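[1] I would like the atomic coordinates for the input below:
(3 chains)
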Amino acid sequence: MLKIDNLHARIGDTEILKGLSLELGAGEVHAIMGPNGSGKSTLASILAGRDDYEVTEGSITFDGVDLLELDATERAVAGIFLAFQYPVEIPGVSNINFLRTALNSIREQREEAPLSGKDFLAKVKACAQLVELDGKLRDRSVNEGFSGGEKKRNEVFQMAMLEPKLAVLDETDSGLDIDALRIVAHGVNSMRGADRSFLVITHYQRLLDHIVPDFVHVLAGGRIVHSGGKELALELEEKGYDWIVDAQPTEQA
Amino acid sequence: MSAAEENPLLDEFTRKEYEFGFTTDIDADKLAPGLNEGVIRLISAKKNEPEWMLQWRLDAFRVWQGMEEPDWAHVNYEKPDYQAISYYSAPKSKVALGSLDEVDPELRATMDKLGISMEEQKRLSGVAVDFVMDSVSVATSFKDKLAELGIIFCSMSEAIQEHPELVRQHLGTVVPVKDNFFSALNSAVFTDGSFCYIPKGSRCPMELSTYFRINEAGTGQFERTLLIAEEGSYVSYLEGCTAPQRDENQLHAAVVELIAKDDAEIKYSTVQNWYPGDANGKGGVFNFVTKRGICETRAKISWTQVETGSAVTWKYPSCILKGDGSIGEFYSVAVTNNAQQADTGTKMIHLGANTHSTIISKGISAGNSQNSYRGLVQIGPRARNARNFSQCDSLLMTDTSGAHTFPYIETKNPTAHVEHEATTSRIGEDQIFYCLQRGLTEEQAIGLIVNGYAKEVLNKLPMEFAVEARKLLTISLEGSVG
Amino acid sequence: MSEVATPTQHAALAARVSDACRSAGMVGAPYPGAVAALDTLGYPTTRQERWRYTRVTRLLDVSPTAAAPHTAPPAVVSGLDALRFTFVAGQFVGGDTLDEGANGCFVGPVSVALARYPERLEAWSHSDFATKEWFAALQAAAPQDGVCILVPAGHKLERPVLAHHHMPAGVHVAQPRHLIHIGDNASAEAVLWSDTTAQSEGMMNAAITAAIGDGAHLSLEVVQDEPGTVHHMGHHHFTQGSNSKLTVRTATACAHWLRNDLHILQDGTHADSTFHGCYLPNGQQFVDHHTRIDHAHPDGQSDELYKGLAADKSTAVFNGKIMVHKDAQRIEAYQRNSNLLLGEQAAMYAKPELEIYADDVRCSHGCTTGQFDKEALFYLRSRGMTETAANNLLVQAFLAEVLDGFRPEIRDYVHSVYARRLGWS
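    Model prediction:
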């Protein structure tokens, strides 16, 4: 479904990704872990099409399509969803109107009919329940005045609404208390399915107790330096990153 | 604002050109260009005005001749040749209209294109509409129904004929003839406009609305609006403006006077969409307007404006808070794109004790435009416990546009509280990216963000206008991101 | 409220002032173009935006008497260790001149600098404001002595400079000019102090011209303590190079009639400017602070804060303009002006302006006018303070944001002047 091959990327003069390769199959959940500054969030941003980064080498294909040829909107239409680490506030635009505009924009670009008001509201209700999102938050401006936990729940709520094929969760656990973490994880888990893949980016193993991955990769110095099953996360929790990173003499974390 | 209200505007992205740039092919009775006493006598005679009105105009003309066009605003334009303008143009078929059915079919079609089909209005929302084309009021709806309540809503010409005592008593009392160059000019040559009188204690049951349109080439529009709200009355008044696309600059120099007597409330909303000129700044309307209201004891005047049109705007809807406890409000969204220039804001003159005013101004600059807020808050020596809060934000869409803030804060009473805040920032790239990631197109994203930014002001508009205003904001910013 | 001076009146003023300065002793020649500008510029009127709230017709009556012999005034902030210089009515009286030779630091009167190192002053010391503003032109047409600080590239001036300008009793005019040049990566600190006696009259038309090189630092404290009835015009101009840092703090401790024009030009990238000021007119006094910062290059920062009180029948004016030029991207500019009105007939005119021609900027201004928080006053009194003590404390608290930036000696001095003038000490 997603194939990243030898990806090199930089921002300004700083090279951040230095030959990253990764493959995700349909329905799989992959976790990417790694020390701070290893390029985790860069990877998320590049997948979503943020143009601050320049891809200098390598390729990304998504369902056989060259992802790097698509702009951010087209990637969303193709089914890529990024749950932001820091969801932005948009004053004056209600959450609900924002979502309806987004949903119908995607449907229009897919040449599907817009969702009726009734169907839309029914869907909102179902998805909001999934992450226990307060009705008031739906009517407030997008992310404005939301607590850290509310913002993350709102991201998962939007994910549920937009039903992506590939969801990239960028440090979704940061700033969450244990209850919020459980709610967010529940939302994600209930969306797991044969035709939906997840790329879960996290610094801590804690999230992976709740969202159990099929594969765990360690990103350090701009490339994947180690891959394994879910047990790798526990090992990392116990030993830290140094033992893997140090084993890569050519790379700097 | 519900999703249902906000959404339709997002479907409007396809229209790139100025949407209202059609002309109406109506045989017009148009005066040769030029301005002298003879022209003023002719205007007055054509309108069959009483002698006092003619004298008033002639006095104004003499005052105007001794004045100079102001140049303190942050705008650059070639000053109009006042002798090259025709000061009177009326659709020829104008007769005393008994009902809407007698309106010229071409004119009816024009109104339909403007989206103000009177039939529609009549059936649906109960908005009384006065339609002013070039300089003459052509139709006023719902007159009879309003008359039952003692409310007078008619064209200014008609008011001069039918209610001369009311006009004579109030005309020029809020905006004196010599107030400024354009008000003096307007006083000399105004040809029509709307007149509205709300009797004591009455609450106008429907929105009153006037649509202004400049149609003829080479004409100026000089309308005059006078609105009197007697003690304890309430009225909400809407005004919309359009003009056809023309390569030349057309002059619009209107005067609006509002009088809110004790405990009265006037809500005055404007959606201004005069032709802004093309992308290179050719053509477009010069919008030099004087709007002012006076508040007696505990009265309230609230101005709301959405300014998207005009090549050059020079406009400061103001409140004189004369009575104790009176309230003035000013809510404004001004969008400039391409080569447009706007210098707009308000004046809040606090004279009475316990007077309050609020100013919310949202400027949006795109293209190569210049957008300035200019506002005066003046607290007089007798205005004990006066309060003002001003918030002036500017949003820049391109690095070739300008956003400027020129507030004047003059306080002469030690019990006053005056607070002014202003910020200038660029449209947030993070916000746009977030929207794109959720599948919105760039134009949808900008439309959504800008409407959110201006929401505080848009929410002050009556429903009928709010929808139109949101569309306008989005349309005027198409393809504007730098 | 506008009036226009007839040409003969202001030409006569120019002649009187220039003659008086010449006979007392000018320093150097008139600046090129300044004399001609006096004719072409015309006298300011309240019809001009920059003079909207500032009537200068009253200055037309200034008619100086012959200069009396000058004696040195008592030292100010005597506890402060500094290179001290004293000037009386535009003339150098004495000081700790520091001269390290043609390649070293020089601190001394402009008259001496001009005699010894004319070439070190040439390139930068001519301000083009001398041909743009009438009073600046008047100043430049007959400049008098002031302090000159020259710090070559890479040097740090170890001791602060304190230049004290005094206006003696009687009707005098003085047009001191201070010149400051800080070379690349050099630094200096200075205090420019001007005062008068209670019997001083006339006009003080003073200029500060400072050029701050790339990576250089200048910290300047300006104190104006003028209890007489002198009309004071200040022209304070600063030009900053890339990565330079400028701090200017202005305390108008007392002034009968005063107008300061402070102008900062960021003429390089990553320049950083801080300019704070405070003022407290009472009686019938008039204090006007006009400031302008030009962000002409990218990545600059500025932080402006002016706070003041207007008591009795006094008038205070604040006009601050932030100008961001085209292509000066990533500017962060903040301006704040807070005012308290204490007198029934006091007036405050504030005009905080933003003029912005670049889009990637973060600029804001805030401006408030109000009075003491009655709750706070009540709270203090309920804790046993007298009304005077409570007021004093609140004034101190209100001005602390600005005054705390000064040296403690100056801060305490300015506060004591304020408290005395408000009758609270």
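
[2] low pLDDT regions in chain C?
    C:1-7, C:68-69, C:424-425 (pLDDT under 70).

[3] Show me which residues of it are close to chain B?
    C:49, C:326-327, C:329, C:339, C:341-371 (Cβ under 8 Å from any Cβ of the partner chain). Placement of C-beta: from N, CA and C, glycine included.

[4] Which among the residues you listed count as buried?
    Among the residues of chain C next to chain B, those classed as buried by 16 or more other Cβ atoms under 10 Å in any protein chain shown are C:329, C:339, C:341-343, C:345-361, C:363-365, C:367-371.

[5] re the thing from before, among the residues of chain C next to chain B, which ones are in helices?
    Of these, none are assigned to helices by DSSP state H.

[6] now, which of those lie within strands?
    In this view, these that belong to strands under DSSP state E are C:339, C:341, C:347-356, C:361-370.

[7] if we look at chain A, which of the residues you listed are close to it?
    Answer for these near chain A: none qualify (Cβ under 8 Å from any Cβ).

[8] what are the pairing partners of the helix or strand hosting B:Ile364, and which direction each?
    Taking DSSP states H and E as the definition, one finds B:Ile364 inside strand B:356-365. When pairs are called by DSSP bridges, strand B:356-365 turns out to pair with strand B:327-336 (parallel), strand B:387-396 (parallel).

[9] tell me the contacts of the residue nearest to B:Lys267 when sequence neighbours are not counted?
    Nearest non-adjacent residue to B:Lys267, counting by Cβ to Cβ, 6 or more residues apart in numbering or on different chains: B:Ser236, 4.3 Å away. By Cβ atoms under 8 Å, 6 or more residues apart in numbering or on different chains, B:Ser236 lies in contact with B:204, B:207-208, B:266-267, B:269, B:462.

[10] ok but B:Ser236 is inside a strand, no?
    Yes - checked against DSSP: H, G, I helix; E, B strand; the rest coil, B:Ser236 lies within a strand.

[11] how much space between it and B:Asn337?
    B:Ser236 sits 29 Å away from B:Asn337, going by Cβ to Cβ, to the nearest Å.

[12] need the contact list for the spatially most central residue of chain A.
    In chain A, the C-alpha nearest the mean C-alpha coordinate belongs to A:Val168, at 1.8 Å (Cα atoms, centre = their mean). Neighbour list for A:Val168: A:44, A:47-48, A:80-83, A:198-199, A:201 [criterion: Cβ under 8 Å, 6+ apart].

[13] which one of those has the most neighbours?
    Among those, A:Leu82 has the most neighbours (other Cβ atoms under 10 Å in any protein chain shown), with 29 neighbours.

[14] in what helix or strand does it lie?
    Counting by DSSP H and E, A:Leu82 is found in strand A:80-83.

[15] Read off the pLDDT value for the residue nearest to B:Lys267.
    For B:Ser236, the pLDDT comes out at 93.

[16] Could you check how far it is from B:Ser269?
    Relative to B:Ser269, B:Ser236 is positioned 7 Å away (Cβ to Cβ).

[17] okay, and the common contacts of the two?
    What both B:Ser236 and B:Ser269 touch, as defined by Cβ under 8 Å, 6+ apart, is the set B:Pro462.

[18] so where do the helices sit in the chain?
    This is for chain A. With DSSP H as the criterion, chain A has helices at A:40-48, A:72-78, A:95-109, A:117-130, A:135-139, A:148-162, A:178-191, A:206-210, A:231-239, A:242-245.

[19] The chain in question should be chain C.
    Under DSSP H, chain C gives helices at C:7-24, C:34-41, C:110-116, C:118-122, C:134-141, C:374-382, C:387-403, C:408-421.

[20] Let's have those in CSV, adding mean neighbour count.
    Below are these laid out as CSV (neighbours: other Cβ atoms under 10 Å in any protein chain shown):
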stretch, mean neighbour count
helix C:7-24, 17
helix C:34-41, 18
helix C:110-116, 18
helix C:118-122, 13
helix C:134-141, 25
helix C:374-382, 12
helix C:387-403, 17
helix C:408-421, 18
